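Student: Mind folding the following:
(one chain, ligands or ions: 2)
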Amino acid sequence: MADKAVDLFVSIGLTEQKAKETSKNAQVTENLTQAIKLADDFAGVGARKEIGKLLYNVATKLKPQIKNHMNLLVQYISSKKITSEDQLNAAYSFLLHNIDSDFDAKAFEDVCGVGVVVTSEDIENAVEEVVKKHKDGLQSKRYHYNTGPMLGEIKSKIRWADGKAVKHELDMQILDLLGPKTEADREKPQKQKAPKATKTESTKTENNASSAAAADSIISSDGHLKGFAEVMGDALKFHKPGENYKTDGYVIVPTTMDSLQKHLKRTGGKVFTRFPPEPNGILHIGHAKAINFNFGYARATGGHCYLRYDDTNPEKEEEKFFVAIKEMVEWLGYKPYKVTHASDNFGKLYECAVQLIQKGHAYVCHMPADALKGFNVPDSPWRDRPIHESLQLFEDMKRGKINEGEATLRMKTTLEEGKKDPVAYRIKFTPHHRTGDEWCIYPTYDFTHCLCDSFEDITHSMCTKEFQSRRSSYYWLCNVLERYCPVQWEYGRLNLGYTVMSKRKIAKLISEGIVRDWDDPRLFTLTALRRRGFPPEAINYLCAKVGVTMAKTCTDMSMLESCVREVLNVSAKRAMAVLRPLKVVISSLPPNTPKELPVPDFPADESRGSHTIPFGSTIYIEQDDFRESADKSFYRLTKDHPVGLRYAGLVITVEKIIKDSLGKVSELQVSCKKASETEKPKAFIHWVADPLICEVRLYEQLFKHKNPEDSSEVPGGYLSDINHESLEVLPTAMADRSVASAPVYTKFQFERNGYFSVDPDSTPQKLIFNRTVTLKEDPGKK
Ligand SMILES: Nc1ncnc2c1ncn2[C@@H]1O[C@H](COP(=O)(O)OP(=O)(O)OP(=O)(O)O)[C@@H](O)[C@H]1O
Ligand SMILES: NC(=O)CC[C@H](N)C(=O)O
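Tutor: Ligands and ions are numbered 1, 2, ... in the order given. Here you go, the predicted model:
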């Protein structure tokens, strides 16, 4: 059988290997066999080779929604009215756009360029015109010139010209203009490097040129952070509302077009999306992607997005999760069009279930839950029981007459992965957070989700890839109930390395005392990220960056950190803080040294304001910024080398080193000169005077391995992989007074140390800072 297909496919010009591969795909084999048979009828077996490529195209590209037009297309191909893939693509598009109208041959032929003849002279002339237009660019960049747009321009002049012939003609004319390629033409063009930051005082720590350049990408010309929508641009090529049928895999039934029209009337053609979390835990960074997809897409298209709690599992839901979820959606900058609950629809869903039974598409089954697990589950003996019996039993289930586990309602459909008759309703004598004990039967995800989407007229039902296997039952249920059927679009989950995200595992880390709570800054829940100081814009920015690809993304922490730095670079005021202080006493200050110094909030743009900080003869510097003796690569303070004090315009030189009984340096006595009156020091360091004592918490990754859940990487399980050095507390750090009384979550760049955010544990007596991220620079270069 398969051999026969292979022979047939070889007869249209496929290679043996391609023919074999093709024959393994049952659907394509069926399509192609049909197309070849039709073509034989129209043009005879002798024409097979000439039109084989186009027939193969039809067999593989023709969408199921317009499959009824195969005959028509093969006829056009056989009679040589359609001779190129380009024309075929135009034909597909025409047929999809006119799916619900009568076939208009004239319009079809116009759109597909039937009868249009393009001569080689036409091609030559069109290419000549375009080459002339691009002559300057071509001559200056030669073979590095991007000719892609030129091809586009030529094609727009001679729409139906053969692509290969056009490309050949273009290559020839360019060769004619530029002559053969030189060595330089063959070299790869160098990428433009961002200019290096010069080592001046102000550029060394903050605003290095590359981060400023990168910031350009998210800061729009009016100075606002760009949102998901702007960054994504039109990368998302979703169907237009009402054109659901154009999406691959969408199932069209006789009621489809009518229900789409009614849907458009209700929505006015707007995009409607929803973010549907289960209220059984705190949201994590993966959910931020879902939030951005749904809310961001609605915002970008002038549509609306619901926040819909998927609350069909009464035992797992808690009030605090409902509240926290909404708070996090708002924290990311989105406002739900409406907040809804799957449970709002329990009554309507019940009615749908009754209708489904009445139509013979569902039945009450008594197989125990265990017997339904896994694959190869035997058919239910109750599958064909009379409708009236299922109706009665379903009502009994609802009235609490049947015990938990003794009956379920099952739908007569099969999921993609082969699972048969998924459960629609189960009995649970558990009161529900919102409906109390009104119900003792609860609908499942497979029954609830698509119908709630349909009730809310969702245009794009976006979900993660694992739901692909539920798409068929989604469409099936809406269709058999003759309801509006949204389109389900799947995208890749966002995962991060060196962490766990599942709610159950986080709960375990908390109960084991490894982390403090859901918002411990070492976790990647959204509350944890907020606490650590990650700005919501940075999280949205990350989602936009990874969102453009629909693939599953395991994102590197460094990618998230670089988004955070970009945002904080332009939004976190500078301050000075010394994490591990070393006392420095200045023996005599130069005359007229001020007691207070003005410091710009953003040294790169002084117009953005300033603050003042105290100065005096006792200051504190970072222990690391002093070494008794050091090699030449150490630019900071040593016994022999002076160092500058940032913003003070002063240079200090070590006079005396005082050590404690253990031999550790406890104080430096220094002399001091104005920077203008001495040789320029190699570095300017940060310092504080009359500082605030505060606590600083530094974080590292919580797990030692990238995939702590992967047993091949961590055989002992994720709990055995904890990095016990992931939190370091510095109880006696010192910050300059400009940070005094900063509210919780205020963010600063502590110069040369990183970005820090005020922790909610802070008291009026003592501020506590979390280090959000270090500065990008290698600390050795400080
Ligand atoms: N890692 C992720 N990346 C992208 N989207 C996600 C991720 N995790 C969940 N979502 C999406 O967020 C929405 C709401 O999720 P819900 O809280 O019901 O998810 P979940 O899969 O139970 O999450 P968990 O990861 O905590 O098990 C769903 O559309 C879900 O597909
Ligand atoms: N379709 C979806 O987006 C799934 C949402 C659902 N709350 C779940 O993750 O289980």
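Student: which residues does the one residue in the stretch 451-600 of the chain that gets nearest to ligand 2 contact?
Tutor: Taking CB to the nearest ligand atom, ligand 2 has its nearest neighbour within the stretch 451-600 of the chain at C463, 3.2 Å off. In short, each C-beta sits where N, CA and C put it, glycine included. Neighbour list for C463: 290, 488-491 [criterion: CB atoms under 8 Å, 6 or more residues apart in numbering].
Student: For the stretch 301-450 of the chain, which residue gets nearest to ligand 1?
Tutor: Using CB to the nearest ligand atom, the closest approach of the stretch 301-450 of the chain to ligand 1 is made by D310 at 5.5 Å.
Student: My error: substitute the chain in the last question.
Tutor: G286 (2.1 Å).
Student: from what I can see, that residue looks like it's in a helix, true?
Tutor: Yes - assigned with DSSP: H, G, I helix; E, B strand; the rest coil, G286 falls within a helix.
Student: Setting aside sequence-adjacent positions, which residue approaches it most closely?
Tutor: L494 (4.8 Å; CB to CB, 6 or more residues apart in numbering).
Student: Secondary structure element holding the nearest residue to S587 once chain neighbours are set aside?
Tutor: Of all residues not flanking S587 in the chain, S671 sits nearest, at 5.6 Å (CB to CB, 6+ apart). S671 belongs to strand 665-674 when assigned by DSSP states H and E.
Student: related to what we said a few turns ago, would you check that the residue of the chain closest to ligand 1 makes contact with M501?
Tutor: Yes - counting by CB atoms under 8 Å, G286 does reach M501; the two are 5.8 Å apart.
Student: where do the contact lists of these two overlap?
Tutor: Common neighbours of G286 and M501, using CB under 8 Å, 6+ apart, are N495.
Student: Quick check: N71 touching K37?
Tutor: No - using CB under 8 Å, N71 makes no contact with K37, being 10.6 Å away.
Student: Between the two, which has more neighbouring residues?
Tutor: Neighbour count, other CB atoms under 10 Å: between N71 and K37, N71 has more, with 14 against 11.
Student: tell me which parts of this protein are close to ligand 1?
Tutor: 276-278, 281, 286-287, 289-290, 310, 463-464, 493-495, 501-503 (CB under 6 Å from any ligand atom).
Student: Just the ones in helices from these, please.
Tutor: Residues of the residues of the chain next to ligand 1 located in helices (DSSP state H): 286-287, 289-290, 503.
Student: Would you mind putting those residues into a markdown table with pLDDT alongside?
Tutor: Output for those, formatted as a markdown table (pLDDT from 0 to 100):
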| residue | pLDDT |
| --- | --- |
| G286 | 92 |
| H287 | 95 |
| K289 | 91 |
| A290 | 93 |
| K503 | 83 |
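Student: Output these as a markdown table; include the columns distance to T119 and neighbour count.
Tutor: Shown next, in a markdown table, are these (distance: CB to CB, whole Å; neighbours: other CB atoms under 10 Å):
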| residue | distance to T119 | neighbour count |
| --- | --- | --- |
| G286 | 57 | 20 |
| H287 | 58 | 21 |
| K289 | 52 | 28 |
| A290 | 54 | 20 |
| K503 | 67 | 18 |
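Student: Need those in TSV (columns: distance to ligand 2).
Tutor: Formatted as TSV, these follow (distance: CB to the nearest ligand atom, whole Å):
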residue	distance to ligand 2
G286	10
H287	9
K289	12
A290	7
K503	11
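Student: what about the residue nearest to S587, how many neighbours?
Tutor: 15.
Student: Would you agree it is in contact with K656?
Tutor: No - applying CB under 8 Å, one finds S671 not in contact with K656, separated by 9.8 Å.
Student: if I look at the two, which residues touch both of them?
Tutor: Joint contacts of S671 and K656 (CB under 8 Å, 6+ apart) do not exist.
Student: picking that back up, list the beta-bridge partners for the residue nearest to S587.
Tutor: According to DSSP bridges, the residues that bridge with S671 are T653.
Student: quick one on the thing from earlier: ok, of the contacts of C463, which one's closest to A353?
Tutor: Of all the contacts of C463, the one sitting nearest A353 is Q488; the distance, using CB to CB, is 20.8 Å.
Student: Could you tell me whether that closest one really is in a strand?
Tutor: Yes - if the criterion is three-state DSSP, then Q488 is within a strand.
Student: Surely it and K465 touch.
Tutor: No - in this structure Q488 lies outside contact range of K465 using CB under 8 Å: 11.1 Å.
Student: Neighbour count for the two, which is higher?
Tutor: Neighbours per residue, other CB under 10 Å: of Q488 and K465, the larger number sits with Q488, 23 against 13.
Student: Contact partners for V599?
Tutor: With CB under 8 Å, 6+ apart, V599 has these contacts: 574, 576, 610-613, 647, 738.
Student: just checking, it is part of a strand?
Tutor: Yes - assigned with three-state DSSP, V599 falls within a strand.
Student: Skip the chain neighbours and tell me the closest residue to it.
Tutor: Nearest one to V599, counting by CB to CB, 6+ apart, is Y647 at 5.1 Å.
Student: Surely the one you found is in contact with L597?
Tutor: Yes - assessed by CB under 8 Å, Y647 is found in contact with L597 at 5.5 Å.
Student: neighbour-wise, which of those two wins?
Tutor: Neighbour count, other CB under 10 Å: between Y647 and L597, Y647 has more, with 22 against 19.
Student: by contact count, what packs against the strand or helix carrying C563?
Tutor: Element membership for C563, per DSSP H and E: helix 557-571. Under the contact criterion of 3 or more CB pairs under 8 Å, 6 or more residues apart in numbering; DSSP states H and E, helix 557-571 touches helix 209-216, helix 536-547, strand 747-750, strand 754-758, strand 768-773.
Student: Let me see the mean pLDDT of that helix.
Tutor: Mean pLDDT, helix 557-571: 89.
Student: what's the angle from that helix to strand 768-773?
Tutor: With axes from the mean of the first three to the mean of the last three CA atoms, to 10 degrees applied, the angle from helix 557-571 to strand 768-773 works out at 120 degrees.
Student: what's the following helix or strand past helix 557-571 in contact with?
Tutor: Using DSSP H and E, the helix or strand that follows helix 557-571 towards the C-terminus is strand 573-575. By CB under 8 Å, 6+ apart, the residues outside strand 573-575 that reach it are 206, 599-603, 611, 735-736, 738-739, 748-751.
Student: Give me the domain ranges for the chain.
Tutor: 2-112, 120-182, 214-571, 577-690 (automatic domain parsing).
Student: closest one to P760 among those?
Tutor: Of all the domains of the chain, domain 214-571 sits nearest to P760, with 6.7 Å by CB to CB.
Student: what's the helix or strand harbouring N125 packed up against?
Tutor: Here N125, judged by DSSP H and E, is contained in helix 120-133. Secondary-structure packing of helix 120-133 (3+ CB pairs under 8 Å, 6+ apart): helix 148-157, helix 163-178.
Student: Following element in sequence after it, please.
Tutor: helix 135-141.
Student: Which neighbouring elements make contact with that next one?
Tutor: On a contact count with 3+ CB pairs under 8 Å, 6+ apart, helix 135-141 meets helix 163-178.
Student: List of residues touching the helix it packs on?
Tutor: By CB under 8 Å, 6+ apart, helix 163-178 touches 84, 86, 120, 123-124, 126-128, 130-131, 135, 138-139, 142-143, 147, 150-151, 154-155, 158.
Student: Equivalent analysis for stretch 11-18, please.
Tutor: So stretch 11-18 is contacted by 6, 9-10, 22, 36, 45, 48-49, 51-53, 55-56 (CB under 8 Å, 6+ apart).
Student: thinking again about what came up before, counting neighbours, what do you get for the residue of the stretch 301-450 of the chain closest to ligand 1?
Tutor: 20.
Student: again, but for P381
Tutor: With other CB under 10 Å as criterion, P381 counts 10.
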